[in-house]
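Trainee: sequence unavailable; structure follows:
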């Protein structure tokens, strides 16, 4: 019944909040993640799904990427949700027009875009050619339980939690998530920006007066009379 469904949903939300809070408390700021290695199992799984479903899966992954703040398991969970989402919704177009494609692009963040306090970054972009969302829905995509008009009209199963979870996981890693329509006809483009924190300035040694480790001048001993 409706009451039972509402209680089940509330229980799910409480469990999700608890797990995310635990992640925030146990993830250390100094932990670093090798993006390429972390993405390998996610890419392999996505390739298998795309091949099975006849989806054109294109990858553009830079050979050298800087490490970023976070843990591999958190990035893998976030990316698994993003890729599942893209593959699922791209299939809607496939059913309608007989084609579907998903693009995964991973690149180094341009130096001009690296914010103050960070020394490098990585941009992960996932793009699908599914129905996408309306412009006025983009800001709602990470709201817990939200589902877009196209998603509801297509009858695609879902809980409206996927992108909410992704945003929370990216936040734990100190990153940012942004959304845009992939093209005029729809589609969704998701960009995840992850950063490598800058090195903390070395502390001054006591008594140096902020001028580094200046050695005291040697005092010459006076000759004995």
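Mentor: Perfect, I can see it now. What you are looking at is a predicted structure, and each value in this text was computed from that prediction instead of being measured.
Trainee: and residue 66, that one's in a strand?
Mentor: No - counting by DSSP: H, G, I helix; E, B strand; the rest coil, residue 66 is not found in a strand; it is coil.
Trainee: tell me the contacts of it?
Mentor: For residue 66, the contacting residues are 108, 119-122, 196, by CB atoms under 8 Å, 6 or more residues apart in numbering. (Each C-beta comes from the backbone N, C-alpha and C, glycine too.)
Trainee: need the next SSE after the helix or strand of the chain with the lowest mean pLDDT, C-terminal direction.
Mentor: When each helix and strand of the chain is scored by mean pLDDT, DSSP states H and E, helix 2-26 comes last, with a mean of 61. Remark: after helix 2-26, the chain's next helix or strand is strand 32-33, criterion DSSP states H and E.
Trainee: just checking, next helix/strand downstream of that following strand?
Mentor: Next in sequence after strand 32-33, counting helices and strands by DSSP H and E, comes helix 35-53.
Trainee: can you list contacts of that next one?
Mentor: Identification of contacts with helix 35-53 by CB under 8 Å, 6+ apart yields 55-57, 59, 61, 65, 67-68, 72, 75-76, 79-80, 83, 87, 91, 94, 100, 102, 104, 106, 122, 124, 194.
Trainee: need the buried ones from those selected in PyMOL.
Mentor: Here is the PyMOL command that selects the buried residues among the contacts of helix 35-53 (16 or more other CB atoms under 10 Å):
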select buried, resi 55+57+65+67+68+72+75+76+79+80+83+87+91+94+100+102+104+106+122+124+194
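Trainee: about what we covered before: which of the contacts of residue 66 are buried? Put it as a ChimeraX command.
Mentor: The buried residues among those can be selected in ChimeraX (16+ other CB under 10 Å) with this line:
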select :120,121,122,196
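Trainee: list the contacts for the closest residue to residue 162 other than its chain neighbours?
Mentor: Nearest non-adjacent residue to residue 162, counting by CB to CB, 6 or more residues apart in numbering: residue 81, 4.8 Å away. Neighbour list for residue 81: 162-163, 165-166, 169 [criterion: CB under 8 Å, 6+ apart].
Trainee: can we see that at 6 Å?
Mentor: Neighbouring residues of residue 81 by CB atoms under 6 Å, 6 or more residues apart in numbering: 162, 165-166.
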